[in-house]
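sequence and predicted structure, then a few things I'm wondering about:
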Amino acid sequence: MEIFKYMETYDYEQLVFCQDKTSGLKAIIAIHDTTLGPALGGTRMWTYASEEAAIEDALRLAKGMTYKNAAAGLNLGGGKTVIIGDPRKDKNEAMFRAFGRYIQGLNGRYITAEDVGTTVADMDLIHQETNFVTGISPEFGSSGNPSPVTAFGVYKGIKAAAKEAFGSDSLEGKTIAVQGVGNVAYTLCEHLHREGASLIVTDINKESVNRAVEAFNAKAVDPDDIYEVECDIYAPCALGATINDETIPLLKAKVVAGAANNQLKESRHGDVLREKGIVYAPDFVINAGGVMNIADELNGYNKERALKKVETIYDNLMKVFDIAKRDNIGTHVAAERMAEERIQTIKQSRSQFLLNGQHILRNKQ
Ligand SMILES: NC(=O)c1ccc[n+]([C@@H]2O[C@H](COP(=O)([O-])OP(=O)(O)OC[C@H]3O[C@@H](n4cnc5c(N)ncnc54)[C@H](O)[C@@H]3O)[C@@H](O)[C@H]2O)c1
Ligand SMILES: CC(C)C[C@H](N)C(=O)O
């Protein structure tokens with residue numbers, strides 16, 4: 001991989017490699033774009049097949065955060081970290097504290113939070129070394145684990161996508177197939193079950209599946225079978241790239257709407273969904289609830305205000321669906337257009353020179 005070429009092509013600002021031999025920390029912080037504000041994005045810990053795969057994941061996820069934060073109307077840029085390692089075996093206190101010091105060294109250009117493989121307890125360790133971390137324990141005035149709020153936003157987004165596909169946003173009697181019943185999807189299933197949807201679930205972790213089967217009377221299927229089940233809505237809530245050439249021909253659903261980041265393997269897969277008449281709720285619009293929630297911490301956390309903001313995901317998706325119809329494009333392109341337009345407009349409106357935050361014509365004493 002030619003890193004600078006890749007960064008230039010997709011306009012990345014900075015890539016930071018963090019190494020600490022004592023704790024075993026190997027982390028990559030990718031900062032994509034800080035036009036709107038500091039780069040906010042979670043830290044993923046995962047066993048990557050290669051260093052190149054980890055770098056690529058950090059870069060792809062960071063760019064997704066730029067779009068997510070912009071489309072959500074937040075004054076935040078996009079960034080993400082990946083830590084190379086097994087979250088079940090390789091974590092230790094020194095690792096997250098060393099990582100916290102690297103974040104502190106960026107002096108506010110990057111703010112972190114949870115992602116796949118990291119928890120509130122990990123964020124608390126990072127917080128011992130830096131304040132540029134969110135999603136820490138509520139006793140520090142923080143909002144805690146963002147996953148339940150992400151789930152609430154995804155639930156609202158599924159309703160918006162149902163309105164677009166079926167003419168009504170009621171999920172009563174709808175069959176929804178959920179891939180991965182982890183932190184976000186378990187709470188999502190609670191909302192869907194409460195509204196009267198029938199659930200089909202899968203996970204590579206048997207315990208997670210059993211929990212959902214018991215709590216929500218869900219039907220369980222094997223991981224490879226989830227794409228072809230008879231359902232109205234398919235909700236990918238595990239990892240990325242599951243919408244691809246192999247899976248799209250299998251889908252029976254009329255809607256794809258779920259929590260996972262980077263659901264489309266390639267952008268063209270959004271066009272294939274459109275050709276098949278499937279309504280796709282772009283991932284970075286529907287799954288912005290967590291980031292909206294932790295962004296509220298930057299103003300002093302207020303749960304009611306945060307949840308009100310998360311409800312805007314419904315309208316944001318409706319806007320995306322309207323742009324897609326108006327411009328005769330896929331919803332994935334419409335969502336990117338919406339985010340890019342906001343970034344460009346704000347960039348333009350902030351282009352005048354300022355001296356230390358003051359206007360240049362201000363008299364200096
Ligand atoms: N946590 C958040 O607030 C948040 C916010 C926005 C986006 N997301 C995204 O949502 C997705 C889920 O996040 P999470 O926090 O719930 O993570 P999680 O790790 O708690 O849940 C993911 C689940 O998917 C399962 N899984 C992995 N590969 C699978 C496969 N091939 N088939 C079936 N199941 C599989 C895992 O066993 C796990 O139970 C991720 O893509 C994450 O980036 C999360
Ligand atoms: C900042 C966090 C809530 C990030 C979250 N994991 C996301 O992808 O949106």
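Good, I have the coordinates. Residues are numbered from 1 along each chain as shown. Ligands and ions are numbered 1, 2, ... in the order given.

if we ignore the residues flanking it in sequence, what's nearest whatever residue of the chain ends up closest to ligand 1?
Nearest residue of the chain to ligand 1, counting by CB to the nearest ligand atom: residue 182, 1.9 Å away. The C-beta positions use only the backbone N, C-alpha and C, and glycine is treated the same way. Nearest residue to residue 182, sequence neighbours excluded (CB to CB, 6 or more residues apart in numbering): residue 208, at 6.3 Å.

repeat for residue 248
Per CB to CB, 6+ apart, closest to residue 248 is residue 272, 5.3 Å.

what is the burial count for that neighbour?
Residues within reach of residue 272, counting by other CB atoms under 10 Å, total 18.

next: residue 193.
Applying other CB under 10 Å, we find 18 residues neighbouring residue 193.

again, but for residue 251
Residue 251 has 20 neighbouring residues, counting by other CB under 10 Å.

ok, now residue 105?
Neighbours of residue 105 under the rule other CB under 10 Å: 15.

start and end of stretch 110-130, how far apart?
Separation of the first and last residues of stretch 110-130 by CA to CA, to the nearest Å is 11 Å.

right, is that stretch up against ligand 2?
Yes. Stretch 110-130 comes into contact with ligand 2 (CB under 6 Å from any ligand atom), by way of 113, 115.

where do the helices sit along this protein?
In the chain, the helices defined using DSSP state H lie at 3-9, 51-71, 93-105, 120-127, 147-166, 183-194, 206-216, 268-275, 283-286, 289-296, 303-327, 331-349.

close to ligand 1: what parts of the stretch 101-250 of the chain are there?
So the stretch 101-250 of the chain meets ligand 1 at 114-116, 146-147, 150, 179-185, 202-205, 208, 223, 237-239 (CB under 6 Å from any ligand atom).

can you rerun that using 8 Å?
Within reach of ligand 1 by CB under 8 Å from any ligand atom, the stretch 101-250 of the chain has these residues: 114-117, 145-147, 149-151, 179-186, 202-205, 208, 223, 226, 237-240, 242.

can I have the buried ones of those residues as a ChimeraX selection?
Buried residues among these (16 or more other CB atoms under 10 Å), as a ChimeraX selection:
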select :114,115,116,117,145,146,147,149,150,151,179,180,181,183,184,185,186,202,203,208,226,237,238,239,240,242
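
which of the residues of the stretch 101-250 of the chain next to ligand 1 fall within strands?
With strands defined by DSSP state E, the entries of those inside them are 179, 202.

ok so, going back, quick one, which of the helices of the chain is nearest to residue 30?
Closest to residue 30 of the helices of the chain is helix 51-71 (CB to CB; 3.7 Å).

put the alpha carbons of the closest one into PDB.
Extracted in PDB, the C-alpha atoms of helix 51-71 (Å, rounded to 0.1, in the frame of the first residue of the first chain):
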ATOM      1  CA  GLU A  51      -0.600  -4.400   9.600                       C
ATOM      2  CA  GLU A  52      -1.800  -3.300   6.200                       C
ATOM      3  CA  ALA A  53      -5.400  -4.500   7.000                       C
ATOM      4  CA  ALA A  54      -5.300  -2.500  10.200                       C
ATOM      5  CA  ILE A  55      -4.100   0.700   8.500                       C
ATOM      6  CA  GLU A  56      -6.800   0.300   5.800                       C
ATOM      7  CA  ASP A  57      -9.500  -0.200   8.500                       C
ATOM      8  CA  ALA A  58      -8.300   2.900  10.400                       C
ATOM      9  CA  LEU A  59      -8.300   5.000   7.300                       C
ATOM     10  CA  ARG A  60     -11.700   3.800   6.000                       C
ATOM     11  CA  LEU A  61     -13.400   4.200   9.400                       C
ATOM     12  CA  ALA A  62     -11.900   7.700  10.000                       C
ATOM     13  CA  LYS A  63     -13.300   8.900   6.600                       C
ATOM     14  CA  GLY A  64     -16.700   7.400   7.600                       C
ATOM     15  CA  MET A  65     -16.600   9.500  10.800                       C
ATOM     16  CA  THR A  66     -16.000  12.700   8.800                       C
ATOM     17  CA  TYR A  67     -19.200  11.900   6.800                       C
ATOM     18  CA  LYS A  68     -21.100  10.700   9.900                       C
ATOM     19  CA  ASN A  69     -20.300  13.800  12.000                       C
ATOM     20  CA  ALA A  70     -21.000  16.200   9.100                       C
ATOM     21  CA  ALA A  71     -24.300  14.500   8.100                       C
END
